[in-house]
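1. sequence unavailable; structure follows:
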């Protein structure tokens with residue numbers, strides 16, 4: 001299926017409008033001179049941890065502990081990521097090293 005110029009521009013306009021809306025809406029709803037609602041303040045402190053938990057559960061949902069390698073690459077990579085983050089307090093470093101370690105484990109070690 002090939003889109004004509006009008007359809008392509010329409011899709012582009014929708015994407016730009018959606019992006020602009022998500023970028024500017026918070027500034028319109030919560031200006032600096034206005035107090036942030038308690039619910040928004042609460043959500044801003046709880047959602048990051050909830051999202052990380054959700055991502056961990058999603059990533060581990062397919063791991064089988066009953067067959068080889070019994071989830072060892074995942075456990076090792078999670079332990080290194082958590083330990084490195086607790087030690088260095090650098091998200092980019094801990095996630096990057098954990099990801100590279102996991103890839104090495106599943107591609108080279110636990111084949």
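-> Ah, there it is. Being a predicted model, the structure only gives us computed values, none of them experimental.
2. give me the mean pLDDT for stretch 28-39.
-> On average, the pLDDT along stretch 28-39 is 90.
3. got it, and stretch 83-103?
-> On average, stretch 83-103 scores 96.
4. would you map the helices across this structure?
-> Using DSSP state H, the helices found in the chain span residues 5-29, 38-60, 72-88, 91-104.
5. which residues are in contact with the third one?
-> Meaning helix 72-88. Outside helix 72-88, the residues that touch it by C-beta atoms under 8 Å, 6 or more residues apart in numbering are 56, 59-60, 63, 90-91, 93-95, 97-99, 101-102, 105-106, 109-110. The way it works is simple: take the backbone N, C-alpha and C, and place the C-beta from them, glycine included.
6. ok, back up a step: can I get the helices of the chain in a markdown table with mean neighbour count?
-> Shown next, in a markdown table, are the helices of the chain (neighbours: other C-beta atoms under 10 Å):
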| stretch | mean neighbour count |
| --- | --- |
| helix 5-29 | 10 |
| helix 38-60 | 10 |
| helix 72-88 | 15 |
| helix 91-104 | 14 |
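7. and the pLDDT for the closest residue in space to residue 60 that isn't next to it in sequence?
-> Spatial nearest neighbour of residue 60, excluding adjacent residues (C-beta to C-beta, 6 or more residues apart in numbering): residue 74 at 6.2 Å. Predicted confidence (pLDDT) at residue 74: the value is 95.
8. what of the one 4 residues further on?
-> Residue 78 carries a pLDDT score of 95 in this model.
9. can you check residue 23 too?
-> pLDDT at residue 23 comes out at 95.
10. now do the contacts for it.
-> Contacts of residue 23 by C-beta under 8 Å, 6+ apart: none found.
11. roughly how far apart are it and residue 36?
-> When distance is defined by C-beta to C-beta, to the nearest Å, residue 23 is 18 Å away from residue 36.
12. next: residue 3.
-> Taking C-beta to C-beta, one finds residue 3 at 42 Å from residue 36.
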